[in-house]
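In: sharing a model that was predicted from the sequence below.
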Amino acid sequence: MTSVVASLADLDSDPYPVYQRLRAEQPVCWLPDLKQWLITSWADVARVLREPSFTTDIPGSALIQLCDGVPLGAREGQDHQEIREAVVHDYDPHRINDFVDTIVRPIAERLVAALRPAGRADLLGDYFEPVTLLSHAAMLGIDADVGRLRRWGTGMVQAATNFHGDLAIAAEGRAAMADLDSVLDPLVSRLRAASNDSVVARLAHGNRPSADVAPVVKQFVQGQLQAGWVGGWALLLLLQHPDQLAQVRANRWLVGAAVYEALRWSSPVGVVTRRTTTPVVLSGQEIPADALLAVSVASANRDETVFADPDVFDVHRTVRTHLGFGLGRHFCPAYAFVPAIARTALDVLLDRVPEIGPEPGWVPAPHGWKLRLPGRLNMTW
């Protein structure tokens, strides 16, 4: 067995120096706290994501328990394909422009107008997250306020990263999902009787039992926070690179480039989990069947063999595909939706609040490695 060369504490603080060392010295290593193999090189990560012998089917996983059923990301084969086909078209790129213009931009404009008189805010919690929460809830067809939407998403996030089994975090996750059920169950019943043009309606009318609908929606509710994190990362990185921020302000088409580069530089979904179905060898390391893998998309997106100067944030980087949305059959269907929301939120903010700067005494506090969050963005204007 490989020697242990990474700790959860090091990864949570800043995983990227650890990943750089691992890619060079030991791209497959054992994490004893999780009883998983950490995979860090682009080649290995891409292989695991692409090949069906590495499965998302992990019976008894914390995600399945929290969702009280199997969400889309944990399904395989025809079952996975049928549910994916029921919802994937709602996230098609050709539909996103209309959705951004009619739903996302008005939400962002309204939130900025409410925040601006105060002259200060945590732009992650008070702006970027609410924009994406309300926007995606509209697409799902769920009517709830920001506080309730955030509770559902945060409950899922904290439960998914509760590596040490904190009972209070687990209990809050269960309570958040019970609250979501109290909204979702009657909604599905209404939609079975009278449908509309929402994602939940398509699931309810996709010849799937109710036990299939709720777990899929619960995973989507957790995922809807991600566009807010991407927008927050883009703003933070631009503030740390004033010359690039000035260029983005002067050439607004660069907002999209900044968001795409932020996705590569700090992938919010930093690690996904897979299980081996047969014995395999990755980077010379033998791994048995039925082993769990922590597959680091974040590390792959800074692999020196793929990206020049990978630790440098550069809005002028030559565009090439990164793994921020995965690869293969589980490629994220929201690959156009997430950056569109983040791009729109950032664009509106730069338009309406031109003089943004850090609050005196504020220090950035990014954290996490499975999910990498920018932390509070305490800004003034």
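Out: Structure received. Numbers count the residues shown, from 1 in each chain.

In: so which residues of the stretch 201-350 of the chain form strands?
Out: Counting by DSSP state E, counting those that start in this stretch, the stretch 201-350 of the chain has strands at residues 271-276, 280-282, 285-287, 292-296.

In: would you list every one of the helices in the stretch 101-250 of the chain?
Out: Residue ranges of the helices in the stretch 101-250 of the chain, as given by DSSP state H, counting those that start in this stretch, are 105-115, 129-140, 146-160, 167-193, 199-204, 210-223, 226-240, 242-250.

In: dump the residue contacts of residue 218.
Out: 66-68, 71, 152, 156, 177, 180 (C-beta atoms under 8 Å, 6 or more residues apart in numbering). Yep, even glycine has a C-beta here, placed from its N, CA and C like the rest.

In: give me the next element, helix or strand, following the host helix or strand of residue 85.
Out: Following DSSP states H and E, one finds residue 85 within helix 77-87. Next helix or strand after helix 77-87 toward the C-terminus (DSSP H and E): helix 93-99.

In: which other helices and strands contact that next one?
Out: Other helices and strands packing on helix 93-99, by 3 or more C-beta pairs under 8 Å, 6 or more residues apart in numbering; DSSP states H and E, are helix 337-352.

In: report pLDDT for the residue lying farthest from the centre of the chain.
Out: Distance from the C-alpha centroid of the chain peaks at residue 193, with 32.8 Å (C-alpha atoms, centre = their mean). Per-residue confidence at residue 193 stands at 87 (pLDDT).

In: list only those of the contacts of residue 218 flagged as buried.
Out: Among the contacts of residue 218, the ones that count as buried by 16 or more other C-beta atoms under 10 Å are 66-67, 71, 152, 156, 177, 180.

In: nearest to residue 276, of these?
Out: Closest to residue 276 out of the buried ones among the contacts of residue 218 is residue 71 (20.7 Å), distances taken as C-beta to C-beta.

In: who's the closest spatial neighbour of residue 285, skipping the chain neighbours?
Out: residue 28 (4.0 Å; C-beta to C-beta, 6 or more residues apart in numbering).

In: my error: substitute residue 14 in the last question.
Out: Spatial nearest neighbour of residue 14, chain neighbours left out: residue 366 (7.5 Å); criterion: C-beta to C-beta, 6+ apart.

In: for the one you found, what are its contacts?
Out: Residue 366 touches 14, 236, 266, 372-375, counting by C-beta under 8 Å, 6+ apart.

In: just the buried members of the residues you listed?
Out: 236, 266, 372-375.

In: make a markdown table out of the residues you listed and add distance to residue 318 and pLDDT.
Out: Putting the buried ones among the contacts of residue 366 into a markdown table (distance: C-beta to C-beta, whole Å; pLDDT from 0 to 100) gives the following:
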| residue | distance to residue 318 | pLDDT |
| --- | --- | --- |
| 236 | 23 | 97 |
| 266 | 19 | 93 |
| 372 | 24 | 93 |
| 373 | 28 | 93 |
| 374 | 25 | 95 |
| 375 | 30 | 95 |
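
In: which parts of the helix or strand bottoming out on mean pLDDT in the chain are buried?
Out: Ranking every helix and strand in the chain by mean pLDDT, DSSP states H and E puts helix 210-223 at the bottom, with a mean of 83. Neighbour-count burial for helix 210-223, with 16+ other C-beta under 10 Å as criterion, is recorded at 212-223.
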